[in-house]
Each structure stands twice: as C-alpha cells, then as structure tokens.
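Participant: Here's a sequence, model it:
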Amino acid sequence: MRRRELRVPIVETIPELRKKVQEPVRRYNDIAGYLLGDRISIYVTRAFIQLGLSPTVATIGFLLFGLAGSVLAVFGGWWSVGGFACLLVYYVLDCVDGEVARYHGSEKLIWGFHDFLFHLYVKAAFFLALGFYAVRSTGLEWTFLLAISALLATFFGKYLYDVALILNARYVLMRDPAERERLVRQLTQGTTNAELEVDGDLPGEFQPFEFGGPLSIVRGAVTNFDLSVILFLSAAVLDLFVPGFSCAGVPCDLKTAAIAFYGVVLPLDFLDRAFSYIRADRFQADSRRLLRRAHGFRIPPR
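Facilitator: The predicted model follows:
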C-alpha cells in the first residue's frame with residue numbers, strides 16, 4: 001500500500017517572497033518593521049502560504065494574542081512573561097496578515113478598517129493592564145495614571161499624522177463645490193502653480209525608512225510601541241531573578257520602572273512632535289499633498 005503524499009504548494013524562496021510582499025510597502029515601515037518585523041514575519045508568512053491559511057486568520061489571531069497577552073501581563077511572574085510573549089506574537093501576526101494578502105492580491109480595505117480598530121483595542125488593553133499591574137505591585141493607586149499618560153500620548157501621536165487626512169476628507173472632499181473651493185484656496189495660498197500641478201510624489205516624499213543620527217535612532221526605538229513590548233518582555237524575565245527595590249520610597253520592579261519611564265517619556269515625545277508639526281506648518285503641506293492626490297480622481301464606470 002503506497003503512503004499518501006501530502007501536497008504542499010510551491011512557494012518562492014525567502015528573498016523572492018520578500019521582494020513580492022515586503023518591498024512594495026517598505027517605504028511605510030517604521031523602525032520596528034526595519035529592525036524586527038520584516039526579519040521575522042516573512043518565515044511565518046511562508047508557512048501561512050504553504051498551509052493555505054487566509055490573512056484573516058492572522059488578523060483575528062493578532063487581536064486575540066494582543067488582548068490575551070495584555071490580560072496575562074497584569075498577574076506578574078511567569079504570567080507576565082507569557083503575556084508579553086503573546087504581545088510579541090501579536091506584532092508578528094500584524095505583519096503577516098498584510099504580507100499574505102499581498103501575496104494573493106486579496107487586500108481588502110474593509111479589513112484595513114478592522115485592522116485599525118484592532119490596534120486601538122490592543123494598545124488600550126496593553127496600557128490599562130500595565131496600570132493595573134503598577135497599582136497591584138506598588139499598592140499605590142496614583143501609579144495607574146502613569147499608564148493612562150502613556151496611553152493618551154500613544155493615541156494622540158497616532159492621530160497627529162492622520163489629522164490632515166481626516167479633516168481634508170471630511171471638510172474638503174465631502175463638501176459642496178462652493179465651500180470646497182473656498183477651503184482649497186485657503187490651503188493652497190502662497191503655493192506655486194508648478195507645485196500644485198505635480199501629478200505624483202514630490203522629491204523626497206515616501207522615501208524608505210533610513211536611520212538618522214544616534215539620538216534619532218534611540219528616540220525612535222524607545223518610543224515605538226512594538227519595540228516596547230520587547231523591553232517589557234526582557235524586564236519580565238529579569239524580574240523572575242532580580243529582587244524588587246525601592247525608588248523614592250515606592251516599591252518597584254523592572255516592569256514598574258518601565259511603566260514609569262513610558263508614562264513620562266511618551267507624553268514628552270508627543271508634545272515635541274506636535275510642536276514640531278505646527279512650527280513646520282506640516283498640516284498645510286500634508287493637505288496640499290492630499291489635494292494633489294485627489295485631483296482628477298474619478299470612480300471608473302461599471
């Protein structure tokens with residue numbers, strides 16, 4: 001009797017797969033994607049393709065791992081280690097769902113909507129869990145505010161760079177022609193016709209991620225949400241062997257110290273980015289770029 005052979009789909013090599021599913025969107029990568037995401041996710045993506053798994057499996061998976069990891073982080077000890085490990089899986093699966101969808105050419109904008117909301121759910125759960133852990137480990141209720149501070153800064157930072165898109169879609173593209181014309185004149189005041197007539201990217205737009213100076217690299221790394229998961233995972237492992245300590249009379253461990261760090265650093269980082277955004281008049285520049293993209297847009301006839 002012949003043994004039944006399992007047929008596995010033929011998949012490109014890892015370099016070929018990278019070229020197909022990662023390079024087209026590499027210009028949108030942040031520092032976490034460059035240092036971690038692209039280097040790990042491609043192997044999981046290849047397994048998904050070989051097994052014939054839908055990208056939706058990865059999308060639902062990253063939500064479940066993210067929420068479960070956040071809950072486990074509250075309990076400390078090995079539970080926290082497992083929780084932060086789940087959050088690392090959450091990040092990898094977040095990369096995988098897009099890569100698998102691009103491989104099959106099956107990207108759907110509706111899942112981009114769910115993806116956006118799932119990230120908000122996980123980040124909210126993550127910081128709330130850290131707040132509960134801080135109160136539980138220190139016995140001080142005010143330490144919960146450190147996690148709330150980090151959560152608000154993360155959300156505000158997310159919307160800082162999306163606000164031009166939201167406002168232009170709501171108040172320009174969706175308004176009646178007369179009001180739209182008035183707002184467009186405001187946004188394009190002081191701009192040359194040559195700039196407005198450019199169809200496509202201006203020089204320097206949408207460049208792939210590049211490392212800046214040392215301080216820029218450090219700042220980008222320590223304020224990145226996905227890389228913070230690795231810091232908390234490391235702290236959770238070290239807390240299994242390092243005894244607790246006192247800081248300014250407050251009982252601490254390494255995880256609590258990390259919560260305090262992010263509760264201070266993330267709001268300061270957001271304030272600096274917001275002031276820089278305003279000083280550089282980025283809203284006007286981003287609005288004009290969006291208007292260039294929208295110019296001449298037509299829904300093709302069915």
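
Participant: for the closest residue to Ala257 other than its chain neighbours, phi and psi?
Facilitator: Counting by CB to CB, 6 or more residues apart in numbering, Cys247 is the residue found nearest to Ala257 once chain neighbours are left out, at 6.9 Å. C-beta here means a position set from N, CA and C on the backbone, and glycine is covered the same way. When read as degrees, to the nearest 10, the backbone of Cys247 gives phi -130, psi 110.

Participant: Now Val81: closest residue in space, sequence neighbours ignored.
Facilitator: Here the residue nearest Val81, using CB to CB, 6+ apart, is Ala236, at 4.6 Å.

Participant: The stretch 201-302 of the chain: strands as residue ranges?
Facilitator: 245-247, 250-252 (DSSP state E, counting those that start in this stretch).

Participant: Buried residues, the last one. List them.
Facilitator: Yep, that's strand 250-252 we're talking about. 250, 252 (16 or more other CB atoms under 10 Å).

Participant: Please work out which residues outside it touch it.
Facilitator: 137-140, 143, 244-246, 260 (CB atoms under 8 Å, 6 or more residues apart in numbering).

Participant: Could you rerun that using 7 Å?
Facilitator: Applying CB atoms under 7 Å, 6 or more residues apart in numbering, the contact partners of strand 250-252 are 138, 140, 244-246.

Participant: Could you do stretch 67-86 as well?
Facilitator: 65, 87, 90, 121-122, 125-126, 129-130, 132-133, 136-137, 229, 232-233, 236-237, 240, 255.

Participant: next one: stretch 148-165
Facilitator: 123-124, 127, 131, 225, 262-263, 266-267, 269-270, 273-274, 277, 283, 286-287, 290.

Participant: try 8 Å
Facilitator: 120, 123-124, 127-128, 130-131, 166, 225, 259, 262-264, 266-267, 269-270, 273-274, 277, 282-283, 286-287, 290.
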